[in-house]
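Asks: sequence and predicted structure are below.
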Amino acid sequence: QQQVKQSPQSLIVQKGGISIINCAYENTAFDYFPWYQQFPGKGPALLIAIRPDVSEKKEGRFTISFNKSAKQFSLHIMDSQPGDSATYFCAASNAGSSGSARQLTFGSGTQLTVLP
Amino acid sequence: ETGVTQTPRHLVMGMTNKKSLKCEQHLGHNAMYWYKQSAKKPLELMFVYSLEERVENNSVPSRFSPECPNSSHLFLHLHTLQPEDSALYLCASSQSLGSYNEQFFGPGTRLTVL
């Protein structure tokens, strides 16, 4: 029930195209859904995050769409650029019990390649 | 130094060796984490520390031993590892536990166990 399923595993998009990565979860207690971006040789870095009280969040070319009833959320990258080529991880978390940590459950990652 | 730093960046060790991974955060955060990242698998949370106190141990084998001497430093002591322990080990920190605090990751230590 703690699993977050991410697809596709890899994605190739032409420059200027739209990249779409999807994630699905089972645990209805999840209340925070961040996306992380990881470049080779670097640690993951927070890209954008959403809470379930809204259905969409946009920051520049990056948009999270959230469907609470379907327990799905997705990352859309508009006007994809070669510099966006990286591995993207979705994640979900819920408030831990008293004194315990808010743990992030990660998807398995999507390797995005944007062709020039 | 800024952010979260990890040393060494690469480590090759035999199954009988003892080594340690070091993490330092320069962000004034109170919580620190160790993650294991294996190819094509989700990041696995190993340990969580808050104000130098371990608050989570996600069923990690005893051949991995964490240490948090202060809120800025985190170590992962390794002994008698197995080849399947080869992975990228990531350290992260956040302002505190709970809430929606962003976790900041270091670049990781690429560990190879021969």
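Replies: All right, it came through fine.
Asks: which non-adjacent residue is nearest residue A:6?
Replies: Of all residues not flanking residue A:6 in the chain, residue A:107 sits nearest, at 3.0 Å (C-beta to C-beta, 6 or more residues apart in numbering or on different chains). Quick note: C-beta positions are derived from backbone N, CA and C, even for glycine.
Asks: who touches that neighbour in this structure?
Replies: A:4, A:5, A:6, A:23, A:89, A:90, A:91, B:42 (C-beta atoms under 8 Å, 6 or more residues apart in numbering or on different chains).
Asks: which among those residues count as buried?
Replies: Among those, those buried by neighbour count (16 or more other C-beta atoms under 10 Å in any protein chain shown) are A:4, A:6, A:23, A:89, A:90, A:91, B:42.
Asks: beta-bridge partners for the second one, please?
Replies: Spelled out, it's residue A:6. Assessed by DSSP bridges, residue A:6 has beta-bridge partners residue A:23.
Asks: hmm, residue A:112 and it touching each other?
Replies: No. Residue A:6 lies out of contact with residue A:112 (C-beta atoms under 8 Å); the separation is 12.0 Å.
Asks: by mean pLDDT, point me to the weakest helix or strand of chain A.
Replies: Every helix and strand in chain A was compared by mean pLDDT, DSSP states H and E; the lowest is strand A:104-106, with a mean of 90.
Asks: not counting sequence-adjacent ones, nearest residue to the residue in chain A positioned nearest to chain B?
Replies: Closest contact between chain A and chain B, by C-beta to the nearest C-beta, is at residue A:43 (3.0 Å). Once flanking residues are discounted, residue A:43 sits nearest to residue B:105: 3.0 Å by C-beta to C-beta, 6+ apart.
Asks: what touches both of residue A:6 and residue A:112?
Replies: residue A:21.
Asks: around chain A, pick out the residues from chain B.
Replies: B:4, B:31, B:40-43, B:45, B:48, B:50, B:55-56, B:90, B:92, B:97-108 (C-beta under 8 Å from any C-beta of the partner chain).
Asks: contacts for the strand or helix carrying residue B:91, please.
Replies: Element membership for residue B:91 (DSSP states H and E) is strand B:87-94. Counting by C-beta under 8 Å, 6+ apart, strand B:87-94 makes contact with A:43-44, B:4, B:6, B:21, B:23, B:25, B:27, B:29-38, B:43, B:74, B:76, B:101-106, B:108-111, all of which sit outside it.
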